[in-house]
Structures are given as C-alpha cells and as structure tokens.
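Chemist: Any chance you can model this:
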Amino acid sequence: MRVNQMFAAPIHEALDTKFLRPDKSLLYSRENLKRRFLLRALLFAGSTLVTAAFPFMSGFVNLFGSFTLTTLTFVFPSMIFIKVEGKTARMEKKVWHWANIVVFSLLGVATTVSALRLIVNNVQNYHFFADT
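Modeler: The predicted structure follows:
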C-alpha cells in the first residue's frame, strides 16, 4: 500500500492546492492540518475500497504499465536520440536506437494485449469483494 501512497503525491498536492488555505503562514494551521488529514484519509479509504471491490486491480496496473513503462523507458529516449543526433550519429548508434524502438514497441503492444486479455478473463470470473 505504501507504493500506492507514493504515487498519490501529485494527487495530494492537487487536493492541498484546491482545499487548503494558500497563505504560507496558515499552511500548518490547525484547520489546514484537519483538512489535509481528512482529504488524505478519504483518498486512502477510496483507493482501498476500489482495490478491495475489484480483486483484479493488478490487471489495470499491468495495462497502464505495459503501454507506458516500456515506451517511456526504452522507446521515447531512443526517439529523442534519433531526433537530436540522427544526422550526426554513427550508423551503429542509429541501428541500435532503431532496434530499441522496433523491439520495445512490439513488446509494448504484446504486453498491452496480454494485460487486456487478463482483464477480460478476470471480468468473466468476477465476484464482488472476492478474495482471489
């Protein structure tokens, strides 16, 4: 659950900006601390409820990770390299980066299809608040 809260930091920041008093001297006032605690507790309770209600939540994590992690980690940097250094780079580097783009794009498509298939299979066997 700690990882969930780590990735929720931007959400915490947005909630703080929206619902807390923005004055620096009042940032840690009693009222702002109560609001901050309540907002974070509601976010935590909501995410826990959703995770408990949908036992195949990991399938959605797989889905988002499959098409974002691969592309942002491997494909995007190689595309930037080709865009910036493409005309002056050695042929070996160009081939290497193009190979990265092609292989990891195909891998991203395969893992996305796999994650979608996992979600469809889990939805067919879905039981509300199931333990499996």
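
Chemist: what pLDDT does the closest residue to Arg40 other than its chain neighbours get?
Modeler: Nearest residue to Arg40, sequence neighbours excluded (Cβ to Cβ, 6 or more residues apart in numbering): His12, at 6.3 Å. Bear in mind the C-beta positions are built from the backbone N, C-alpha and C, glycine included. His12 carries a pLDDT value of 75.

Chemist: how about the helix or strand hosting His12: buried residues?
Modeler: In the assignment (DSSP states H and E), His12 maps to helix 9-19. Buried residues in helix 9-19, counted by 16 or more other Cβ atoms under 10 Å: 15-16.

Chemist: ok, back up a step: please list all residues in contact with the residue nearest to Arg40.
Modeler: For His12, the contact set (Cβ atoms under 8 Å, 6 or more residues apart in numbering) comprises 39-40, 43.

Chemist: Repeat that for Gly86.
Modeler: Gly86 touches Lys94, counting by Cβ under 8 Å, 6+ apart.

Chemist: Just the pLDDT at it, thanks.
Modeler: pLDDT, read off for Gly86, is 83.

Chemist: what about it, distance to Phe74?
Modeler: 17 Å (Cβ to Cβ, to the nearest Å).

Chemist: cool, Lys83 as well?
Modeler: Separation of Lys83 from Phe74 (Cβ to Cβ) stands at 15 Å.

Chemist: do Phe81 as well
Modeler: On the measure of Cβ to Cβ, Phe81 and Phe74 end up 11 Å apart.

Chemist: got the buried residues for the helix or strand hosting Val109?
Modeler: In this assignment (DSSP H and E), Val109 forms part of helix 91-124. Using 16+ other Cβ under 10 Å as the test for burial, helix 91-124 gives 94, 97, 100-101, 104-105, 108, 111-112, 115, 118-119, 122.

Chemist: between Lys83 and Phe74, who's got more neighbours?
Modeler: Taking neighbours as other Cβ atoms under 10 Å, Lys83 and Phe74 compare with Phe74 leading, 18 against 9.

Chemist: tell me the contacts of the closest residue to Leu63 other than its chain neighbours?
Modeler: In space, Leu63 comes closest to Ala115 once its chain neighbours are excluded; the distance is 4.1 Å by Cβ to Cβ, 6+ apart. By Cβ under 8 Å, 6+ apart, Ala115 lies in contact with 59, 62-63, 65-66.
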